[in-house]
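Participant: Coordinates for the following, if possible.
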Amino acid sequence: MARTILEKQARKTGEQRFMSSEDIVGKRVKNPEGYDLGEISSLRVGLPTARVAYAVLRTGGMLGLGAKLFAIPIEAMVYRPGDEVFVVNISKHKIDSESGFTEGEWPGEASWNLIESTRPMAPPSQEEARAATHTEAASGMTPGAVEGERPIAAPGLSAADLQVYLRDMNYPAGKGDLINHAREHNAPADVIAMLEQLGDRTYQSAGDVSEEFARAR
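Facilitator: Model (predicted):
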């Protein structure tokens with residue numbers, strides 16, 4: 001499964017990486033094959049959670065007219081510093097064939113159904129690898145953790161990986177519903193194990209599950 005170099009770095013060093021909204025808005029978005037899908041036009045923040053619900057991908061149109069908008073999960077976006085673009089696992093055909101939405105018709109959550117589950121992401125660029133190596137060396141931390149301090153999540157498992165197997169999930173849903181749905185979508189053992197560690201409650205949306213996943217890690 002694809003993981004960003006920043007995700008790898010955060011798990012090793014315990015640090016969290018941040019980007020300002022100004023750095024994200026206006027960036028181009030490509031898929032793993034290199035097709036230009038459009039640009040990030042805005043970020044939508046949910047209230048009262050104060051959590052970024054999704055990034056808005058604008059594609060097509062001329063001078064802002066006739067463009068289509070798509071709600072892209074933040075967790076599914078891989079930033080490539082060397083190219084200054086985001087890579088998202090979405091086929092060009094799906095972007096061309098889906099209607100998206102228009103301004104003023106903002107969806108309540110990200111469209112996880114857009115994300116492909118089988119096509120691998122491109123490997124990190126040399127710039128990303130060098131940046132991660134430099135940061136890890138500067139941190140002065142050694143790999144590994146005390147047994148009692150290890151995170152629940154399997155190494156390398158991200159919220160985006162989790163949501164691939166929860167696509168088309170009907171919310172609200174309980175933990176058991178999430179597990180059954182993931183099994184029906186042939187989720188691997190590490191995904192099922194992670195879902196079993198989530199809180200036994202009712203989840204209102206995919207974003208709700210991602211928040212619980214972040215707490216569980």
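
Participant: List the pairing partners of the top strand by length along the chain within its sheet, with orientation.
Facilitator: When the chain is parsed with DSSP state E, its longest strand is strand 36-46. Applying DSSP bridges to the sheet, strand 36-46 is found paired with strand 28-30 (antiparallel), strand 51-59 (antiparallel).

Participant: Could you look over those strands and pick the most buried one?
Facilitator: strand 51-59 (a mean of 21; mean count of other Cβ atoms under 10 Å). Quick note: C-beta positions are derived from backbone N, CA and C, even for glycine.

Participant: Alpha carbons of that strand, as PDB, please.
Facilitator: Presented in PDB, the C-alpha positions along strand 51-59 are these (Å, rounded to 0.1, in the frame of the first residue of the first chain):
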ATOM      1  CA  ARG A  51     -11.200  19.400  11.100                       C
ATOM      2  CA  VAL A  52     -10.400  19.700   7.400                       C
ATOM      3  CA  ALA A  53     -13.100  17.600   5.800                       C
ATOM      4  CA  TYR A  54     -11.600  17.500   2.300                       C
ATOM      5  CA  ALA A  55      -9.700  19.400  -0.400                       C
ATOM      6  CA  VAL A  56     -11.600  20.700  -3.400                       C
ATOM      7  CA  LEU A  57     -10.200  19.600  -6.700                       C
ATOM      8  CA  ARG A  58     -11.100  21.900  -9.600                       C
ATOM      9  CA  THR A  59     -10.800  20.400 -13.100                       C
END
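
Participant: Would you tell me which of the strands paired with strand 36-46 gets closest to Glu22?
Facilitator: Among the strands paired with strand 36-46, strand 51-59 comes nearest to Glu22, with 13.4 Å by Cβ to Cβ.

Participant: coming back round to it: now the strands paired with strand 36-46 in TSV, with distance to Phe86?
Facilitator: What follows is those, written out as TSV (distance: least, Cβ to Cβ, whole Å):
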stretch	distance to Phe86
strand 28-30	5
strand 51-59	8
